[in-house]
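Enquirer: Structure for this input, please:
(one chain, ligands or ions: 2)
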Amino acid sequence: MTDTVTPPASAEAATPTAWPSRLADLGPAFFTHLQPTPLPQAHWVAHSPAVARSLGLDPDWLASEEALQVLIGNALLPGMKPLASVYSGHQFGVWAGQLGDGRAILLGETPAGHELQLKGSGRTPYSRGGDGRAVLRSSIREFLCSEAMHGLGIPTSRALSVIGSPAPVRRETIETAAVVARSAPSFIRFGHFEHFAARNDLVSLRQLADQVMDQHFPACRTHPRWPGQPYAALLEAVSERTAHLLAQWQAVGFCHGVMNTDNMSILGLTLDYGPFQFLDGFDPGHVCNHSDTQGRYAHNKQPNIAYWNLFCLAQALLPLIGEEDTAVAALESYKTVYPAAFEACLRAKLGWHQGAQGDTELIETLLQMLARHRVDYTIFWRRLSHAVASGDFEPVRDLILDRAAFDDWRQRYLARAQAPDAALMLRSNPKFVLRNHLGEQAIRKAQNQDFSEVQTLLKLLERPFEEHPGFEAYADFPPDWASSIEISCSS
Ligand SMILES: Nc1ncnc2c1ncn2[C@@H]1O[C@H](COP(=O)(O)OP(=O)(O)OP(=O)(O)O)[C@@H](O)[C@H]1O
Ligand SMILES: [Mg+2]
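Expert: Ligands and ions are numbered 1, 2, ... in the order given. Down below sits the predicted model:
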C-alpha cells in the first residue's frame, strides 16, 4: 500500500497540493483509480532539474528523499489521485483490442499544467499478462532519449527522473526494476479514440475529442477551412503535427521502432521510447526493433506508417466527422505538409534559409550518396557544417568512398545562388545523438551502481549542438560491437 506523505511545514511550499486530472474529469469510462505498487530500496539513477522547472516543481524538492519515494511510487503527495487510463490500438498493422496503461500510472497535473506519469510502477487493470514493471536498461534509455529529443528541438514527452530498485524483474534474464517519471501536456494517444470508437461509445468519443480540442486545439472550433466541422479540423491539425514530427525524425535519423497507434501522441509528441535508434551509417531501410521481423517500422517507412496510423484515427473520428469524404480530405494535408516540412529540415541542415529551384534534386542526390556508402549520418552533417565554416572540405570528403561523386555534388551545392550559412548548419546538425552504444555503456555501468555515465550523457544530450570540448569520443564513430547490439520490445 502506498503511503501518503505528510509534508513538513517547510516542504509545503515546495510541492503543489492539487494534482488535477482532466482525464478524471471525463468520468469512469476512461480510467481506473489505483495506487502504484511500492518497490524496495529506491535509489536515484538520474533526475533532471530542468524538467522540474519546466513543470513548475522546485528543483530542490527533486533532490529530496520525499521526491525519491513519490517518483518511484512508494508515496503520494496530498492531492494526488493516481489513475491508469484505458486505450486500444493497432499493433504491427493488426487490431489489438483493448490495451491501456498496463504499467503507467498518472499522478495528476503539475502547476505548469503538464501530466506527470510513472512508467513501471506496477500492475493495473490494463496489464493483461504483464508484470507492470520496467527494467533499469529500458528506463535509462527512455530517460536519456526523452531529454535528447528535447535538446534536438523535437516534440517529445519529457523525463523528470529515473529511479532504480533491486527488485528482480524477469525478462530474457532476471533484471532489476526502475521507474521513469515522465511528463507531457497530455498522454492521450490515437488509441484512446480508437478505443471508444471500437466500442461504439460515441458519447465518450465525443467527450474525449471535445476535451482534447478545447485544451490543445481551440482554433479547430472556428477554423475557416472547416466551418461547422470542428472534428475534421481536429483531424487535420493532428495530421499536420504528426507530419512535422515525422519530418524531424527522418531528418535527424531517428527510428522509433514501434509506431503502433497506441504509441502515437494526439499532440504529435514522440512517445514510448522502446527499441528506438539513431542511425549510425545511413541505411534508409534500417529496422531498429529486433522483434520487427517484417520490417514494418523500417526508418524509411515511418512517414507512410504515420499516415496509416492517421487513417486509423480518421476511422475512429468518423462518427463525429460524418462524411467519409470529409475525413479523407482532412487527412490530405499530411501528403503535402510532410514533404515540405522534411525539405525544410534538410534545407536548414544544408545551411539554406530559403528554398530554391533544384533543392529537391540536390537533397535526393546527397541522400542517395550517403545511403550508397552507408556514411555515418550524424558525423557527415556535422563535418559538412564545419567544412562550410572553415572552407576545408577534406574531413567530410574523406567520409565518402566515391570522391568524384562527392566533388560533383559539392560543386553544385556551393554553386547555388544562396551560400550556405554555417551558423545555421551548426545549430541544425547535432554533434551528439544517443547512439545505441552510448546508451549501452551507460546502462552497463548503471547495472553496477555507477550512474556517472548517465549524468555525462544527459549533459551532452541536453545541448547536442554545442561542442563540449573534451567529449569528442561521444561524437565519434560507433565501435564495431555497436552493430551487434540487439534492441527488442523487451523492456
Ligand atoms: N511489463 C508490462 N506490464 C504490463 N503491461 C505492459 C508491460 N509492457 C507493456 N505493457 C502494455 O502493453 C501495451 C503495449 O506496450 P508498449 O511497449 O507499446 O508500451 P509501454 O512501453 O509499456 O509504454 P508507453 O507506451 O506508455 O510508453 C501497453 O498497453 C502497455 O502498457
Ligand atoms: Mg506503448
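Enquirer: hmm, stretch 191-205 in reach of ligand 2?
Expert: No - using Cβ under 5 Å from the ion, stretch 191-205 never reaches ligand 2; the gap is at least 8.8 Å. For every residue, glycine as well, the C-beta is placed using N, CA and C.
Enquirer: mean confidence score for stretch 162-169?
Expert: If you average the pLDDT over stretch 162-169, you get 98.
Enquirer: Alpha carbons of that stretch, as CSV, please.
Expert: Taking Å, rounded to 0.1, in the frame of the first residue of the first chain, the C-alpha atoms of stretch 162-169 are listed here in CSV:
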residue,chain,number,x,y,z
VAL,A,162,14.7,7.5,-13.3
ILE,A,163,14.8,5.6,-10.0
GLY,A,164,16.0,2.1,-9.5
SER,A,165,15.3,-0.7,-7.1
PRO,A,166,17.0,-4.1,-6.7
ALA,A,167,13.6,-5.8,-7.1
PRO,A,168,14.0,-8.6,-9.7
VAL,A,169,12.1,-8.4,-13.0
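Enquirer: List the buried residues for it?
Expert: 162-165, 167, 169 (16 or more other Cβ atoms under 10 Å).
Enquirer: Which of those residues lies at the shortest distance from residue 328?
Expert: Using Cβ to Cβ, residue 162 is the member of those that lies nearest residue 328, at 42.3 Å.
Enquirer: If you tally nearby residues, what's the number for the closest residue to residue 135 other than its chain neighbours?
Expert: Nearest residue to residue 135, sequence neighbours excluded (Cβ to Cβ, 6 or more residues apart in numbering): residue 175, at 4.1 Å. Other residues near residue 175 come to 20 when the count uses other Cβ atoms under 10 Å.
Enquirer: Same check on the one 5 residues further on?
Expert: Counted by other Cβ under 10 Å, the residues lying close to residue 180 total 29.
Enquirer: quick one: residue 401 from ligand 2, how far?
Expert: Going from residue 401 to ligand 2 by Cβ to the ion, to the nearest Å gives 40 Å.
Enquirer: Pull the contacting residues for that residue.
Expert: residue 373 (Cβ atoms under 8 Å, 6 or more residues apart in numbering).
Enquirer: quick one: secondary structure of it?
Expert: coil (DSSP: H, G, I helix; E, B strand; the rest coil).
Enquirer: Check residue 319 too.
Expert: Look at residue 319: counting by three-state DSSP, its state is helix.
Enquirer: Using the record's assignment, carve this structure into domains.
Expert: 3-187, 191-344, 352-426 (automatic domain parsing).
Enquirer: can you give me how far the last one is from the chain middle?
Expert: The offset between the C-alpha centroid of domain 352-426 and the centroid of the whole chain comes to 28 Å, using Cα atoms, centre = their mean, to the nearest Å.
Enquirer: and the closest residue to residue 42 other than its chain neighbours, what pLDDT?
Expert: For residue 42, ignoring the flanking residues on the chain, the nearest one in space by Cβ to Cβ, 6+ apart is residue 72 at 4.4 Å. For residue 72, the model assigns a pLDDT of 98.
Enquirer: Would you enumerate the residues in contact with residue 371?
Expert: Listed by Cβ under 8 Å, 6+ apart, the contact partners of residue 371 are 282-284.
Enquirer: now swap in residue 190 and tell me
Expert: 89, 261-262, 264, 266, 309-310, 312-313, 316.
Enquirer: I'd like to know which residues of the stretch 1-150 of the chain are adjacent to ligand 1.
Expert: Within the stretch 1-150 of the chain, the positions near ligand 1 by Cβ under 6 Å from any ligand atom are 99-104, 119, 126-127, 130-133.
Enquirer: Give me the buried subset of these.
Expert: Those of those that meet the buried threshold are 99-104, 119, 126-127, 131-133, by 16+ other Cβ under 10 Å.
Enquirer: So which of these are in strands?
Expert: Using DSSP state E, the subset of those located in strands is 104, 119.
Enquirer: Can you report how many residues lie near residue 149?
Expert: Residue 149: 27 neighbours (other Cβ under 10 Å).
Enquirer: and it, that's in a helix?
Expert: Yes - per three-state DSSP, residue 149 lies within a helix segment.
Enquirer: Look up the closest residue to it, ignoring the ones flanking it.
Expert: Residue 149's closest residue in space is residue 156 (Cβ to Cβ, 6+ apart), at 3.9 Å.
Enquirer: Okay, and the residue of the stretch 201-350 of the chain found nearest ligand 1 sits in which element?
Expert: Among the residues of the stretch 201-350 of the chain, residue 272 lies closest to ligand 1, at 3.4 Å counting by Cβ to the nearest ligand atom. Following DSSP states H and E, one finds residue 272 outside all helices and strands.
Enquirer: How about residue 267?
Expert: Per DSSP H and E, there is no helix or strand for residue 267.
Enquirer: Out of the buried residues of stretch 162-169, the closest to residue 324 would be?
Expert: For the buried residues of stretch 162-169, the closest approach to residue 324 (Cβ to Cβ) belongs to residue 162, at 44.6 Å.
Enquirer: any chance of the buried residues of stretch 162-169 in JSON lines, plus secondary structure?
Expert: Shown next, in JSON lines, are the buried residues of stretch 162-169 (three-state DSSP):
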{"residue": "162", "secondary structure": "strand"}
{"residue": "163", "secondary structure": "strand"}
{"residue": "164", "secondary structure": "strand"}
{"residue": "165", "secondary structure": "strand"}
{"residue": "167", "secondary structure": "strand"}
{"residue": "169", "secondary structure": "strand"}
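Enquirer: want to try CSV for these, with distance to ligand 2 as columns?
Expert: Shown next, in CSV, are those (distance: Cβ to the ion, whole Å):
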residue, distance to ligand 2
162, 17
163, 20
164, 21
165, 22
167, 22
169, 17
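Enquirer: Enumerate the residues of the stretch 251-400 of the chain near ligand 1.
Expert: Neighbours of ligand 1 within the stretch 251-400 of the chain, by Cβ under 6 Å from any ligand atom: 258, 260, 262-263, 272, 274.
Enquirer: Tell me how many other residues crowd the nearest residue to residue 204 once chain neighbours are set aside.
Expert: Leaving aside its sequence neighbours, residue 204 sits nearest to residue 196 (Cβ to Cβ, 6+ apart; 4.4 Å). Close neighbours of residue 196, defined as other Cβ under 10 Å, add up to 24.
Enquirer: next one: residue 25
Expert: Count around residue 25 with other Cβ under 10 Å applied: 10.
Enquirer: what do you get for residue 244?
Expert: 20.
Enquirer: And for the one 3 residues further on?
Expert: The local packing of residue 247 (other Cβ under 10 Å) involves 22 other residues.
Enquirer: what's the answer for the one 5 residues further on, then?
Expert: Using other Cβ under 10 Å, residue 252 has 24 neighbouring residues.
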